[in-house]
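K.L.:
Structure for the following, please:
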Amino acid sequence: MADVPVPLTEEQIEAALREAPGWRREGDEITRTYGIRYHGGVAMIVHVADVERLISHHADIDLRWGKVRFAVTTHDAGHKLTSADFDLARRIDAIAEAHLATPLDD
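P.N.:
I've put the predicted structure just below:
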(Lines give C-alpha, C1' and ligand atoms only; values in the text may rest on other atoms or scores of the structure.)
Protein backbone atom coordinates (compact mmCIF):
# COMPACT_ATOMS: atom_id res chain seq x y z
CA MET A 1 0.00 0.00 0.00
CA ALA A 2 1.28 3.49 -0.84
CA ASP A 3 2.15 5.90 1.94
CA VAL A 4 -0.53 8.47 2.69
CA PRO A 5 0.85 12.03 2.30
CA VAL A 6 1.03 13.96 5.56
CA PRO A 7 -0.59 17.41 5.55
CA LEU A 8 1.63 20.28 6.67
CA THR A 9 0.87 22.24 9.83
CA GLU A 10 -0.02 25.94 9.57
CA GLU A 11 3.50 26.84 10.70
CA GLN A 12 5.05 24.57 8.07
CA ILE A 13 2.82 26.06 5.37
CA GLU A 14 3.82 29.61 6.35
CA ALA A 15 7.52 28.65 6.25
CA ALA A 16 7.10 26.91 2.87
CA LEU A 17 5.31 29.95 1.42
CA ARG A 18 8.23 32.16 2.45
CA GLU A 19 10.45 29.83 0.39
CA ALA A 20 8.07 29.97 -2.61
CA PRO A 21 7.90 33.64 -3.62
CA GLY A 22 5.00 34.45 -5.91
CA TRP A 23 2.86 31.53 -4.77
CA ARG A 24 -0.30 32.46 -2.88
CA ARG A 25 -2.38 30.40 -0.55
CA GLU A 26 -6.04 30.14 -1.46
CA GLY A 27 -7.65 27.90 1.13
CA ASP A 28 -6.00 24.50 0.86
CA GLU A 29 -4.26 25.28 -2.45
CA ILE A 30 -1.29 27.30 -3.53
CA THR A 31 -1.67 29.19 -6.80
CA ARG A 32 0.39 31.15 -9.27
CA THR A 33 -0.38 32.74 -12.63
CA TYR A 34 2.04 33.35 -15.49
CA GLY A 35 1.69 35.55 -18.54
CA ILE A 36 2.66 33.78 -21.74
CA ARG A 37 1.43 33.74 -25.32
CA TYR A 38 -1.19 31.07 -25.91
CA HIS A 39 0.91 28.53 -27.84
CA GLY A 40 3.84 29.08 -25.50
CA GLY A 41 1.45 28.33 -22.65
CA VAL A 42 0.46 25.06 -24.31
CA ALA A 43 4.14 24.07 -24.63
CA MET A 44 4.78 25.01 -21.00
CA ILE A 45 1.80 22.94 -19.84
CA VAL A 46 3.05 19.90 -21.77
CA HIS A 47 6.46 20.31 -20.10
CA VAL A 48 4.84 20.61 -16.64
CA ALA A 49 2.61 17.60 -17.34
CA ASP A 50 5.62 15.48 -18.28
CA VAL A 51 7.33 16.32 -14.98
CA GLU A 52 4.08 15.72 -13.08
CA ARG A 53 3.83 12.25 -14.59
CA LEU A 54 7.36 11.46 -13.42
CA ILE A 55 6.76 12.60 -9.83
CA SER A 56 3.15 11.31 -9.60
CA HIS A 57 1.76 14.67 -8.50
CA HIS A 58 -0.20 17.21 -10.53
CA ALA A 59 -1.57 20.73 -10.53
CA ASP A 60 -4.93 21.91 -11.74
CA ILE A 61 -4.12 24.03 -14.77
CA ASP A 62 -6.21 26.81 -16.34
CA LEU A 63 -5.06 28.03 -19.76
CA ARG A 64 -6.48 31.31 -21.00
CA TRP A 65 -5.48 33.66 -23.79
CA GLY A 66 -2.22 35.15 -22.57
CA LYS A 67 -1.96 33.39 -19.22
CA VAL A 68 -1.72 30.07 -17.40
CA ARG A 69 -2.82 29.55 -13.78
CA PHE A 70 -1.61 26.67 -11.64
CA ALA A 71 -3.39 25.50 -8.47
CA VAL A 72 -1.66 22.84 -6.37
CA THR A 73 -2.94 20.71 -3.50
CA THR A 74 -2.57 17.07 -2.49
CA HIS A 75 -5.74 15.19 -3.33
CA ASP A 76 -4.55 12.02 -1.54
CA ALA A 77 -4.22 14.02 1.70
CA GLY A 78 -7.83 15.20 1.64
CA HIS A 79 -7.06 18.25 -0.51
CA LYS A 80 -4.57 19.55 2.05
CA LEU A 81 -1.14 21.07 1.45
CA THR A 82 1.88 18.77 1.72
CA SER A 83 5.59 19.11 1.00
CA ALA A 84 4.90 17.59 -2.44
CA ASP A 85 2.90 20.70 -3.36
CA PHE A 86 5.79 23.03 -2.66
CA ASP A 87 8.19 20.73 -4.50
CA LEU A 88 5.89 20.86 -7.53
CA ALA A 89 5.62 24.66 -7.22
CA ARG A 90 9.43 24.96 -7.44
CA ARG A 91 9.43 22.71 -10.50
CA ILE A 92 6.68 24.77 -12.15
CA ASP A 93 8.65 27.96 -11.48
CA ALA A 94 11.74 26.51 -13.16
CA ILE A 95 9.73 25.33 -16.18
CA ALA A 96 7.97 28.70 -16.47
CA GLU A 97 11.33 30.48 -16.40
CA ALA A 98 12.65 28.16 -19.11
CA HIS A 99 9.60 29.05 -21.25
CA LEU A 100 10.12 32.79 -20.62
CA ALA A 101 6.74 33.11 -18.88
CA THR A 102 6.18 36.25 -16.83
CA PRO A 103 4.87 35.90 -13.25
CA LEU A 104 1.65 37.92 -13.02
CA ASP A 105 0.91 37.72 -9.33
CA ASP A 106 4.18 38.59 -7.59
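K.L.:
what residue ranges in this protein score low on pLDDT?
P.N.:
For the chain, applying pLDDT under 70 flags the ranges 1-2, 106.
K.L.:
any idea which residue sits dead centre in it?
P.N.:
With distances taken as C-alpha atoms, centre = their mean, the residue of the chain nearest its centroid is residue 89 (3.9 Å).
K.L.:
looking at this, that residue is in a strand?
P.N.:
No. Counting by DSSP: H, G, I helix; E, B strand; the rest coil, residue 89 is not part of a strand but helix.
K.L.:
which ones are touching it?
P.N.:
Contact analysis of residue 89 by C-beta atoms under 8 Å, 6 or more residues apart in numbering lists 20, 23, 30, 32, 70, 72. To be clear about C-beta, it is placed using only N, CA and C from the backbone, and glycine gets the same treatment.
K.L.:
Strands - which of these land there?
P.N.:
Of these, the ones assigned to strands by DSSP state E are 30, 32, 70, 72.
K.L.:
gap between residue 8 and residue 92?
P.N.:
Distance check for residue 8 against residue 92: by C-beta to C-beta, to the nearest Å, it reads 18 Å.
K.L.:
Of these two, which one has the most company?
P.N.:
Per other C-beta atoms under 10 Å, whichever of residue 8 and residue 92 has more neighbours is residue 92, with 25 against 20.
K.L.:
Run a quick check on that one versus residue 59, I expect a contact.
P.N.:
Yes. If you go by C-beta atoms under 8 Å, residue 92 and residue 59 touch, sitting 6.7 Å apart.
K.L.:
Can you work out which residues contact both of the two?
P.N.:
With C-beta under 8 Å, 6+ apart, residue 92 and residue 59 have common neighbours 48, 70, 72.
K.L.:
Next, count neighbours for the last one.
P.N.:
Which is residue 72. Neighbours of residue 72 (other C-beta under 10 Å): 25.
K.L.:
repeat for the second one
P.N.:
By other C-beta under 10 Å, the residues close to residue 70 number 24.
K.L.:
what about stretch 57-70, start to end distance?
P.N.:
Distance between the two ends of stretch 57-70: 13 Å, counting by C-alpha to C-alpha, to the nearest Å.
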